[in-house]
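S.K.: I would like to see how this sequence folds:
(chains A, B, C and D)
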Protein chains: 4
Amino acid sequence: MTKIKVGILGATGAVGQRFVQLLADHPWFEIAALGASDRSAGMAYRERRWVLQPDMPAAVRDMRLVLGEPQSFAGCQVIFSATPNDVAERVEAEFAAAGYYVFTNAGPHRMDADVPLMITDVNPEHAALLPIQQAQRGWSGFIVANANCTATHLTSALKPLHDAFGLEKVFVVSMQAVSGAGYPGVSTMDISDNVIPYIGNEEPKLEEEPLKMLGRFDGQGVVFADFAVSAHCNRVATLDGHLECVSVALRTKATPEEAAEALRSYRSLPQALGLPSAPDPCIVVRDEPDRPQVRLDRMTGAGMTTVVGRIRRDPILDLKFVLLGHNTVRGAAGGSVLNAELLSKQGYIR
Amino acid sequence: MTKIKVGILGATGAVGQRFVQLLADHPWFEIAALGASDRSAGMAYRERRWVLQPDMPAAVRDMRLVLGEPQSFAGCQVIFSATPNDVAERVEAEFAAAGYYVFTNAGPHRMDADVPLMITDVNPEHAALLPIQQAQRGWSGFIVANANCTATHLTSALKPLHDAFGLEKVFVVSMQAVSGAGYPGVSTMDISDNVIPYIGNEEPKLEEEPLKMLGRFDGQGVVFADFAVSAHCNRVATLDGHLECVSVALRTKATPEEAAEALRSYRSLPQALGLPSAPDPCIVVRDEPDRPQVRLDRMTGAGMTTVVGRIRRDPILDLKFVLLGHNTVRGAAGGSVLNAELLSKQGYIR
Amino acid sequence: MTKIKVGILGATGAVGQRFVQLLADHPWFEIAALGASDRSAGMAYRERRWVLQPDMPAAVRDMRLVLGEPQSFAGCQVIFSATPNDVAERVEAEFAAAGYYVFTNAGPHRMDADVPLMITDVNPEHAALLPIQQAQRGWSGFIVANANCTATHLTSALKPLHDAFGLEKVFVVSMQAVSGAGYPGVSTMDISDNVIPYIGNEEPKLEEEPLKMLGRFDGQGVVFADFAVSAHCNRVATLDGHLECVSVALRTKATPEEAAEALRSYRSLPQALGLPSAPDPCIVVRDEPDRPQVRLDRMTGAGMTTVVGRIRRDPILDLKFVLLGHNTVRGAAGGSVLNAELLSKQGYIR
Amino acid sequence: MTKIKVGILGATGAVGQRFVQLLADHPWFEIAALGASDRSAGMAYRERRWVLQPDMPAAVRDMRLVLGEPQSFAGCQVIFSATPNDVAERVEAEFAAAGYYVFTNAGPHRMDADVPLMITDVNPEHAALLPIQQAQRGWSGFIVANANCTATHLTSALKPLHDAFGLEKVFVVSMQAVSGAGYPGVSTMDISDNVIPYIGNEEPKLEEEPLKMLGRFDGQGVVFADFAVSAHCNRVATLDGHLECVSVALRTKATPEEAAEALRSYRSLPQALGLPSAPDPCIVVRDEPDRPQVRLDRMTGAGMTTVVGRIRRDPILDLKFVLLGHNTVRGAAGGSVLNAELLSKQGYIR
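M.R.: So this is what the prediction gives:
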């Protein structure tokens, strides 16, 4: 089988490096181009600082960085975008117009009405927006977005509960790792022995994105889910992995045991299709009183799984629980890779 | 003026050391006895590991540790107790029966109907329980408890809101420092690069203690406040200072500005009486979008102040905000010292 | 092939758990018994706190802990000992006398004249002490010790230099991870935002053990190597991995390039024999100016490799460099497992 | 007494902020101008992020930042420079030429033959270079440099030993705090759970600067001290405070007790003159086996003291010990402030 050639926009940043790491030995995709800013274009990839473990994959060390514009990516079909938000809107549209299938981790297009904001295990049916997007915009390519890292794992855990019991209210307080701020990101002088109870523009994403992803495609667009989310976001001194404390009110009452069973028994399309990056199961429920923990559990399912624990009654709403997910694997690059696997399997990538 | 002689139970633990630090140069109180377990009794205080900065006060270095029983504390009027919970119930009762005025940081007596659970800036009027306690139990001494560290700062911030608008629902997620677990407490192997979303027996305290402290003394006892609290408690890798994300529903609607004004203008008895350890103001409201922060703000008011910030509308309840307080100063030893100052000023200590 | 049945003494501690982890799926060895103190004996292994990632191997979860005495280990041939030092001397001798082959990470027997203190890649020939040990002590079993974690990696890096150029003086300053102190070990209150420039009884080990391991077996015993070591040991806030800054004076002068070549080209017996846990190579030399780094490089060779970098001229002695190794893998349990693999291959285990 | 008006170059950086903090309430000096780069000039000081505790002094909050050029500092006599190294050489010379007395923390002029590299407690007599500097360069002002942060504390501890016993060889390994890299400086992703065994261009400073400072002014210039230094520099995850492990060879042998006595009894000019920022004593020797520790001891003498401990015999050289000092107080801004106090007292500032 010939692999699909892919390019990575923003390949030198923290999320771009995760794309490289996840794609370096991928069974279906082959990295053919690495994009960077003017400042880095022309350099070998190994000349830029690699911030992940283990070391940079040998196959990409000598690749030359190219400018992040469509003509530099000739030969690629699929583009994974970790482009900075301030240029992503324009750049990604140019690539889609030029016929590339763009899978983006950037924010600007996420809430566009005709762009699927997609978690393969939650709303694969939103891919039906793509023909509408292409028709409306006159694009031969398309843009598919993955969600904010914190919203991804929250929505993944909410999905089975929403299906089974109907969500009415969701309170969420996040404790987010520094890698969510990119590299170099958070100064040690800011976060050591500290918690910063603020992440710019993060709470609105947590309060909006789940409603789109848990919404219903009605043939023309997505009808947003009808529940309210209240979010508090905090930065803590962890390297990877976002932890979230959640309380929910349900439309149909459920016991903690029923909620656990709904989460445990949840099965979705990626597992059925055997997608290479699909974790199985996509949700793990832990029974210990003090799990999930960030360092212990973030690599569950190679970082692609959402881990839930401490499901118990809430004195005000109905249930409360804790969830954890890896922010730069499933919550960023890995989510987009899995989106591309799904759409490839479903014939959207031709 | 002759100083009041005080003894400290559990003087070698982390909270016990805070008592020593706060009392070593106190204008009204003088440390006359330091209690410890069988294992340490007889040793000089300096032979035990001191975990605070700066170094151990010179005045106590050569004091001999005594057994934690009433006869060892002859000459003391006031007892500050940092006794471990498993023996506190019995030991503190013995001291009160023997005529000592016991100010305790331990948990067992906090919810006793006739024991004031007291924050000087919140419910000084609950001291009226003391004659009832003495009459019912036949004690010449008494027991006054300070609250759980996390509950102390939560209640301090809720008090002006409850007075002004009436609380209906309170949702709180804490991020608590390791010093809250005592010394040696939390292993580095457990908390480094991690968050532990569980602290044994902590959430019930947060859900109950504020209701007692914000309750009304009706002449015979405390009628608990009528609102619900839902708590999630987390241990994070900070040394001192508990941060809490709070959402509240109010009986009378209020804007963030009105809430801020209620908090800012709040004045209470300790400031009016000029108690030596009273912070002034007892609540500080910060306007910056990213404050309070644990390391930057925990020593506000020498660790005796509760700091509030990010007051904003909540999409589900009415308001959300962040609060921070020092857990072993105001949240433990300092709270009890201030309780003793108040009762001394009011003539309860004779 | 029938696997050799092995037992683990001190199986519930941090190093004991590493033994379990490394042996749970070992091609030659099979865990048949797990020893613990009186307090834990009789419990299922899963009832004790597991401090490693990933989760406890399924195969041992339901094994019952037995008392750490020879009769409890009937059926085992090999004993891996992570027994606390205060009982290791007596207990390990009892096991060896009872015919068990004991591979110990504990300290007491390390400097015994007839006990091999062995790193497979450094001094496998010291196994020749075993018949002498058995004859002198009348044991049918034997004791083989691995070295102190910090000494292990220091000695591994010094070996090729000693062979090629002859060591005369060695200065070493260590920065050691908290896992070296066991679990719970180092309190967060002690090490957060701190370095502790002292580790009890550690510097003498670093100054003595390398001399034994780099000594020569003369047919009757080990003639210690003739150079001096000066050690400063520090505890830093890392989880795993000991970093060491080293300066050396050589008997035959060498350039940094010659030293790097000596380290890079070093080959030893475990690789030649294809031992299952042997890293290949056993020493990795990094060229970057800022490597090895603790978090980035400690898992090199699955934690069994010693990583060296920054080899440069020293203004006082001859050369200076940095080395890093995993303290609980190669520096403890992994070192002993590799010792057992070697002696098994060489027929010492019958 | 009228205060001397001072300006601060590079006032928005981490060291610049320390200057502001130390000078905001100084008895002799008054902040009259705050310099910054083009990007910030014109802004109020409060608009720039303050990274120290406690909060920014009220007196400077509304001061307007000015460009870092002589005409902007009219009215000032003394300039404290925390200018970045890449422009410091030129800018500081312009200020000195324009008649300002420049006290710099920057590196470029430190090793100039006619610039005093000065620690008030070590080599105040090097101020005699100033008339030579002014004559040679035709300046009415002058430049006095303080040393590298790590070299400052090393040299402070070596001075009494060099006076008493004569130094022959010095081996030093540093463990340096992140604040030494400025703000934002070290990324959390780089240093969390890590040690970086490399700090660019740091080791040469440690190997050279002490020789100048411990050199002898011979009437025309400084004759460097005649001993060798070998340095290894490491970045560790501490906020403030550099720890150094040191081994020394002495020309006259000394016991650990004699060395401790030499350090303890050392007295210098700033204490005799009663300079406002002079710590008394300037060196503290701790007797505990595990001190100094970074977090516990860095604020000794308000961060102006060098703390020494663990003085013991060295198996290769003569003695080994540990020293600690605050890097941005005594090791940077505080050192320059004390230099200015001394020269002011001695009439150099007219």
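S.K.: Next up, the contacts around A:G335.
M.R.: A:N105, A:I119, A:T120, A:N146, A:A147, A:T152 (C-beta atoms under 8 Å, 6 or more residues apart in numbering or on different chains). Quick note: C-beta positions are derived from backbone N, CA and C, even for glycine.
S.K.: can we see that at 10 Å?
M.R.: By C-beta atoms under 10 Å, 6 or more residues apart in numbering or on different chains, the contact set of A:G335 is A:103, A:105, A:118-121, A:145-147, A:149, A:152-153, A:156, A:277, A:304, A:325, A:328-329.
S.K.: Same check on A:F321?
M.R.: Counted by C-beta under 10 Å, 6+ apart, A:F321 has contacts A:157, A:161, A:244-248, A:256, A:259-260, A:263, A:285, A:308-312, A:314, B:197, B:232.
S.K.: Please repeat the previous calculation with a cut-off of 8 Å.
M.R.: Per C-beta under 8 Å, 6+ apart, neighbours of A:F321: A:A157, A:V246, A:A259, A:V308, A:G309, A:R310, A:I311, A:R312.
S.K.: Filter the contacts of A:G335 down to the ones in helices?
M.R.: With helices taken from DSSP state H, the overlap with these comprises A:C149, A:T152, A:H153, A:S156.
S.K.: filter the residues you listed to the buried ones?
M.R.: Buried members of these, counted by 16 or more other C-beta atoms under 10 Å in any protein chain shown: A:C149, A:T152, A:H153, A:S156.
S.K.: wait, doesn't the first one sit right on A:A333?
M.R.: In other words, A:C149. No: in this structure A:C149 lies outside contact range of A:A333 using C-beta atoms under 8 Å: 10.2 Å.
S.K.: Where does A:R18 sit: helix, strand or coil?
M.R.: Secondary structure assignment for A:R18 (DSSP: H, G, I helix; E, B strand; the rest coil): helix.
S.K.: any idea how far chain B is from A:M299?
M.R.: 12 Å (C-beta to the nearest C-beta, to the nearest Å).
S.K.: Repeat that for A:G221.
M.R.: A:G221 is 23 Å from chain B, by C-beta to the nearest C-beta.
S.K.: Repeat that for A:R216.
M.R.: From A:R216 to chain B the distance is 21 Å (C-beta to the nearest C-beta).
S.K.: State the distance from that residue to A:H162.
M.R.: As judged by C-beta to C-beta, to the nearest Å, A:R216 and A:H162 stand 11 Å apart.
S.K.: Now which of the contacts of A:G335 would you call buried?
M.R.: A:103, A:105, A:118-121, A:145-147, A:149, A:152-153, A:156, A:277, A:304, A:325, A:328-329.
S.K.: before we move on, back to that, okay, and which of the contacts of A:F321 map to helices?
M.R.: Per DSSP H, those map to helices at A:A157, A:A259.
S.K.: nearest to chain C, of the contacts of A:F321?
M.R.: Comparing those against chain C with C-beta to the nearest C-beta places A:G309 closest, at 13.4 Å.
S.K.: what does the model give the closest residue to that closest one other than its chain neighbours for pLDDT?
M.R.: By the measure of C-beta to C-beta, 6 or more residues apart in numbering or on different chains, the closest residue to A:G309 outside its immediate chain neighbours is A:R286, 4.1 Å from it. Note on A:R286: pLDDT of 98.
S.K.: How many neighbouring residues does A:R286 have?
M.R.: A:R286 has 21 neighbouring residues, counting by other C-beta atoms under 10 Å in any protein chain shown.
S.K.: Surely it is in contact with A:I311?
M.R.: No: assessed by C-beta under 8 Å, A:R286 is found out of contact with A:I311, at 9.7 Å.
S.K.: Which stretches in chain A count as helices?
M.R.: Under the criterion DSSP H, chain A contains helices at A:14-23, A:58-61, A:85-97, A:129-137, A:149-165, A:188-191, A:202-213, A:256-264, A:269-273, A:294-297, A:334-345.
S.K.: need the residues of the stretch 201-350 of chain A near chain D, please.
M.R.: A:A237, A:L239 (C-beta under 8 Å from any C-beta of the partner chain).
S.K.: Where does the stretch 201-350 of chain A get nearest to chain C, which residue?
M.R.: For the stretch 201-350 of chain A, C-beta to the nearest C-beta, closest residue to chain C: A:L296, 5.8 Å.
S.K.: which one is that residue nearest to, not counting chain neighbours?
M.R.: C:Q53 (5.8 Å).
S.K.: Got the phi and psi for the one you found?
M.R.: Main-chain dihedrals, C:Q53, degrees, to the nearest 10: phi -110, psi 150.
S.K.: number of nearby residues for it?
M.R.: 12.
S.K.: cool, and A:G347?
M.R.: 7.
S.K.: mind checking how far it is from chain B?
M.R.: In terms of C-beta to the nearest C-beta, A:G347 sits 40 Å off from chain B.
S.K.: got a pLDDT number for that residue?
M.R.: At A:G347, pLDDT is 96.
S.K.: residues touching it, list them.
M.R.: Per C-beta under 8 Å, 6+ apart, neighbours of A:G347: none.
S.K.: Kindly report the same for A:R18.
M.R.: Counted by C-beta under 8 Å, 6+ apart, A:R18 has contacts A:L52, A:A82, A:T328, A:V329, A:A332, A:A333, A:G334.
S.K.: Of these, which is the nearest to chain D?
M.R.: So of the contacts of A:R18, ranked by how close each gets to chain D (C-beta to the nearest C-beta), first place is A:L52, at 9.6 Å.
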